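Participant: Please find the sequence and the predicted model below.
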Amino acid sequence: MRFHALATDYDGTIAHDGVVDDDTLAALERLKKSGRKLVMVTGRELPDLLAIFPRLDLFDSTVVENGAVVYIPATKEVRVLVEPPPPAFAETLRTRGVTPVSTGHVIVATFEPHENTVLDTIRDMGLELQVIFNKGAVMVLPSGVNKATGLAAALTDLGLSPHNTVGVGDAENDHAFLKVCECSAAVANALPAVKDTADIVMLGKRGAGVTQLIDKMIADDLSDLKTLARHRVPVGETEDKQEETVDPAGAGLLVCGTSGSGKSTLTTALMEHIADAGYQVLVVDPEGDYTNLEFATVLGSHQHAPRPEDVGDALKDTKRSIVVNLLGVPLADRPAFFAQLLPRVLEEKARTGRPHWLVVDEAHHMLPTGPNAANLAAQLPDRGTLYITVHASAMEPAALQHVGTLLVIGGHPEKTIETFCKATGENKPKCPAIEGDKLPTGDAMVWRRGEKNAVIVHTKPPRTERKRHSRKYAEGNVGPERSFYFRGPEAKLNLKASNLFLFVQLADGVDDETWDFHRKSGDYSKWIRDQIKDNQLADELAEIEADSAAAPKDTRAAVRAAIEARYTLPSDVPSGKID
């Protein structure tokens with residue numbers, strides 16, 4: 001389910017002349033029985049609302065006074081969100097002939113044509129207040145307070161997001177809260193300006209229009225809307241400046257490309273756009289590549305494995321994304337950890353619609369071909385997933401069925417798409433020609449399943465400043481296939497360095513003959529270039545390796561210094577020789 005709540009205005013939306021008819025009440029009851037939440041967002045003051053609407057119990061939360069106050073019908077709790085204007089303000093209005101003047105916990109209200117007197121009084125008293133108009137009503141509130149801020153507070157209390165909310169209204173003061181809802185609806189009697197900006201306009205007026213909206217939500221979760229253009233996330237621009245975008249609530253994405261091609265850079269940029277728009281992201285991060293995302297809380301480290309229950313608790317914060325760092329989980333155990341984590345994530349998603357995006361890095365390792373991954377794939381959401389992998393062919397095909405768009409970078413992009421099509425039974429698209437069979441750094445080939453052609457876009461780098469994989473390579477475990485092995489000229493040794501920390505330790509401890517054997521063979525720079533993916537450091541080590549006149553102790557020191565200049569190693573790594 002995508003939409004978990006309906007936020008509705010009162011007057012002119014569910015009510016006609018202050019009264020909600022029986023058919024509309026029945027529709028509200030049907031929505032509640034579907035498992036969704038109801039939030040009222042009105043400019044009325046609470047005593048007035050309680051006097052004219054006896055079924056406020058249908059609502060999980062009520063925002064009154066145009067966003068200044070939240071009322072919980074079940075507990076009768078009243079929460080005032082802001083400081084009210086000074087009492088002298090309302091008194092001054094009355095002495096200047098403004099009548100009637102009503103005051104709530106925060107709001108001060110009157111009617112046209114007193115708006116000029118209200119504005120003059122605010123100016124004369126030097127107050128930081130705003131005036132909001134609503135069908136002849138003149139409402140005065142502290143600056144920045146509106147129906148959108150009140151709705152945000154109510155949804156936070158309920159553990160919900162505006163991105164899982166449908167809003168419906170009719171008048172000027174509804175613009176703010178309709179804009180923040182993922183889907184905005186206007187009833188047929190709404191002002192033209194409200195209709196012009198709404199995502200959908202109902203055929204029915206007032207309660208009849210809301211009833212139509214509710215029945216559509218229950219029937220198909222508004223799936224016929226497909227994508228809402230105002231929420232689309234940019235990926236990059238084509239050569240002719242056409243922007244390519246993806247639907248933040250659409251089918252899954254697969255970022256695929258050769259090792260070292262910049263997959264995590266592209267993915268970081270995408271996640272920044274998604275998080276900036278207020279969507280919650282959960283990243284399953286097997287290798288510690290995303291631990292410095294500014295918008296996310298990191299659970300787990302290279303020393304401590306995260307706990308699935310902690311992830312579930314963290315997801316309850318609607319305003320924060322989560323990175324689940326698996327460096328503290330043994331390499332072979334990471335797929336099993338993902339299998340344990342997924343049910344908790346899906347439980348929260350079923351209840352609230354969050355996290356909006358599930359990002360799985362090293363997806364070929366988390367979801368490898370086989371029955372276990374096939375079982376997991378059947379549980380995965382069909383929308384809002386992002387997989388990152390080098391080898392799409394090594395991923396479980398059932399998981400690939402959730403993918404709607406491929407973003408391919410690095411070498412042999414056409415072959416990468418062909419491999420995906422072979423795994424999923426798709427017809428291969430026509431790919432644009434590129435020079436040298438390798439996309440330039442910063443470019444990506446975009447293909448949407450079912451389309452005949454792929455396109456190339458120029459992407460923008462993320463704003464997040466990243467030391468590429470520095471913690472993973474310095475302290476983590478790159479795995480047996482990517483580790484460095486000190487073996488010596490006759491392969492008498494088999495000392496494995498699974499990260500840079502262990503590499504410098506073992507380098508200081510091996511005998512000179514072993515050290516020089518690998519140095520003269522260029523093994524150190526080759527390992528850094530091929531497995532650590534740091535060409536600059538590899539070039540520095542290649543120069544050290546080429547100095548045939550240097551003594552082993554000097555080349556050891558030079559290699560250590562070059563590594564320490566680029567990576568922060570643990571504090572217990574000695575600067576001198578290890579005895």
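Facilitator: Arrived safely, thanks for sending.
Participant: May I have the strands that pair with the strand or helix carrying I322, each with its orientation?
Facilitator: Element membership of I322 [criterion: DSSP states H and E] is strand 321-325. When pairing is defined by DSSP bridges, strand 321-325 lines up against strand 281-285 (parallel), strand 296-299 (parallel).
Participant: show me what contacts the spatially closest residue to Y524 that is not a sequence neighbour?
Facilitator: Nearest residue to Y524 in three dimensions, chain neighbours excluded: L541, at 4.9 Å (C-beta to C-beta, 6 or more residues apart in numbering). Just so you know, the C-beta spots here come from the backbone N, C-alpha and C atoms, and that holds for glycine as well. L541 makes contact with 524-525, 528, 559, 562, according to C-beta atoms under 8 Å, 6 or more residues apart in numbering.
Participant: and if we set it to 10 Å?
Facilitator: 519, 522-529, 534, 555, 558-559, 562-563 (C-beta atoms under 10 Å, 6 or more residues apart in numbering).
Participant: Check A26 too.
Facilitator: Counting by C-beta under 10 Å, 6+ apart, A26 touches 211, 214.
Participant: separation between it and I322?
Facilitator: Using C-beta to C-beta, to the nearest Å, we find A26 at a distance of 40 Å from I322.
Participant: And H391, by the same measure?
Facilitator: Going from H391 to I322 by C-beta to C-beta gives 26 Å.
Participant: repeat for E172
Facilitator: Applying C-beta to C-beta to E172 and I322 gives a distance of 38 Å.
Participant: neighbour-wise, which of the two wins?
Facilitator: Between E172 and I322, I322 has the larger neighbour count (other C-beta atoms under 10 Å), namely 24 against 15.
Participant: Would you mind listing the buried residues in stretch 98-110?
Facilitator: In terms of neighbour count (16 or more other C-beta atoms under 10 Å), stretch 98-110 has its buried residues at 98, 101, 103-110.
Participant: Can you lay out those as CSV showing pLDDT and secondary structure?
Facilitator: Converted to CSV, the buried residues of stretch 98-110 look like this (pLDDT from 0 to 100; DSSP: H, G, I helix; E, B strand; the rest coil):
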residue, pLDDT, secondary structure
V98, 95, coil
V101, 95, coil
T103, 95, strand
G104, 95, coil
H105, 97, coil
V106, 96, coil
I107, 96, coil
V108, 96, strand
A109, 94, strand
T110, 95, strand
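Participant: Pick out the most distant pair among those.
Facilitator: Spanning the widest gap among the buried residues of stretch 98-110 are V98 and H105, at 19.9 Å by C-beta to C-beta.
Participant: Where does the prediction get shaky in the protein?
Facilitator: Applying pLDDT under 70 to the chain picks out residues 226-227, 465-476, 568-579.
Participant: How is it divided into domains?
Facilitator: Domain assignment for the chain by automatic domain parsing gives 5-76+146-225, 82-144, 233-458, 470-566.
Participant: Show me which residues of the host helix or strand of D539 are buried.
Facilitator: Taking DSSP H and E as the criterion, D539 maps to helix 535-546. Buried residues in helix 535-546, counted by 16+ other C-beta under 10 Å: 537-538, 540-541, 544-545.
Participant: can you tell me which of those lies nearest to A198?
Facilitator: Proximity of the buried residues of helix 535-546 to A198 was ranked by C-beta to C-beta; the top entry is L537 with 54.8 Å.
Participant: That closest one: what's it in contact with?
Facilitator: Contact analysis of L537 by C-beta under 10 Å, 6+ apart lists 473, 500, 524-525, 528-529, 559, 562-563, 565-567.
Participant: change it to 7 Å
Facilitator: With contact set as C-beta atoms under 7 Å, 6 or more residues apart in numbering, L537 has these partners: 528, 562-563, 566.
Participant: which of the residues you listed lies closest to L93?
Facilitator: Using C-beta to C-beta, R566 is the member of the contacts of L537 that sits closest to L93, with 66.5 Å.
Participant: Would you mind listing the buried residues in the lengthiest helix in the chain?
Facilitator: Taking DSSP state H as the assignment, the helix of the chain that covers the most residues is helix 334-352. Within helix 334-352, the residues that qualify as buried are 334-335, 337-339, 341-342, 344-345, 348-349, 352, counting by 16+ other C-beta under 10 Å.
Participant: Export those residues to TSV and append columns for distance to T121.
Facilitator: Below are the buried residues of helix 334-352 laid out as TSV (distance: C-beta to C-beta, whole Å):
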residue	distance to T121
R334	65
P335	67
F337	63
F338	61
A339	64
L341	58
L342	59
R344	55
V345	53
E348	49
K349	50
T352	44
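Participant: From those, pick the one nearest M202.
Facilitator: T352 (26.0 Å).
Participant: Pretty sure the closest one sits against L160.
Facilitator: Yes - between T352 and L160 there is a contact at 5.6 Å, judged by C-beta atoms under 7 Å.
Participant: okay, and the common contacts of the two?
Facilitator: Shared contacts of T352 and L160, defined by C-beta under 7 Å, 6+ apart, are found at H4.
Participant: gap between stretch 550-560 and the chain center?
Facilitator: Distance of stretch 550-560 from its chain centroid, counting by C-alpha atoms, centre = their mean, to the nearest Å, is 46 Å.
Participant: Show me which residues of the helix or strand following the helix holding D539 are buried.
Facilitator: Note on helix 535-546: by DSSP H and E, the next helix or strand toward the C-terminus is helix 552-566. Of all the residues in helix 552-566, those buried under the rule 16+ other C-beta under 10 Å are 552, 555-560, 562-563, 566.
Participant: Next, the angle helix 535-546 makes with helix 552-566.
Facilitator: Put simply, helix 552-566 runs at 170 degrees to helix 535-546, going by axes from the mean of the first three to the mean of the last three C-alpha atoms, to 10 degrees.
Participant: ok, residues contacting helix 552-566?
Facilitator: Residues from elsewhere that reach helix 552-566 (C-beta under 7 Å, 6+ apart): 500, 504, 507-508, 512, 515-516, 519, 524, 534, 537, 540-541, 544, 547.
Participant: Can you flag the buried ones in these?
Facilitator: When these are checked for burial by 16+ other C-beta under 10 Å, the buried set is 500, 504, 507-508, 515-516, 519, 524, 534, 537, 540-541, 544.
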